[in-house]
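> okay, sequence plus prediction incoming.
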Amino acid sequence: MPDFFDLRQAYNGCIEPVQNQGQCGSCWSFAVAHTVSDAFSIMKAKVNSSSTCDKYTNLSEEELIWCSGAAPDGNCNGGYIHTALE
């Protein structure tokens, strides 16, 4: 194992920038969307034998929030990471 490893440097352009969830309690959707998005981007880079991505895969946090059974005003009262990953 290396003493230091930065995924952003190892896969330049594959990792989404950190986003602000604002006042909404939706950290679960941001964690899942960014983790899966980054994994897809890295996988595509590996398939193309590259350590650089042209553009990262961007999955929607909002889609997860709306699909979680949210009322029309959204679901800012938290959620479950394991359920969203499923």
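That came in fine, so what should we check first? Numbering: from 1, shown residues only.

> when you work out contacts or count neighbours from here on, use the C-alpha atoms and nothing else.
Fine.

> the helix or strand that contains residue 83 packs against which elements?
Residue 83 is part of helix 81-85 when elements are defined by DSSP states H and E. Counting contacts by 3 or more C-alpha pairs under 8 Å, 6 or more residues apart in numbering; DSSP states H and E, helix 81-85 packs against helix 27-47.

> continuing past the helix it packs on, what's the next helix or strand?
Going down the chain from helix 27-47, the next helix or strand is helix 61-66, by DSSP H and E.

> now that next one: how far from the chain's centre is it?
Centroid displacement of helix 61-66 relative to its chain, using C-alpha atoms, centre = their mean, to the nearest Å, is 12 Å.

> in it, which residues are buried?
61, 64, 65 (16 or more other C-alpha atoms under 10 Å).

> contacts for the helix holding residue 83, please.
28, 29, 31, 32, 64 (C-alpha atoms under 8 Å, 6 or more residues apart in numbering).

> out of these, what pair is the most spread apart?
The largest separation in the contacts of helix 81-85, counting by C-alpha to C-alpha, is between 31 and 64 at 10.8 Å.

> now do residue 5, the pLDDT please.
Looking at residue 5, its pLDDT reads 91.

> with residue 74 instead?
You'll see residue 74 listed with a pLDDT of 55.

> residue 60 against residue 31, yeah?
No: assessed by C-alpha atoms under 8 Å, residue 60 is found out of contact with residue 31, at 11.0 Å.

> tell me the spacing between the most centrally placed residue in the chain and residue 49.
The centroid of the chain falls nearest to residue 34 when counting by C-alpha atoms, centre = their mean (0.7 Å). To residue 49, residue 34 is 22 Å away according to C-alpha to C-alpha, to the nearest Å.
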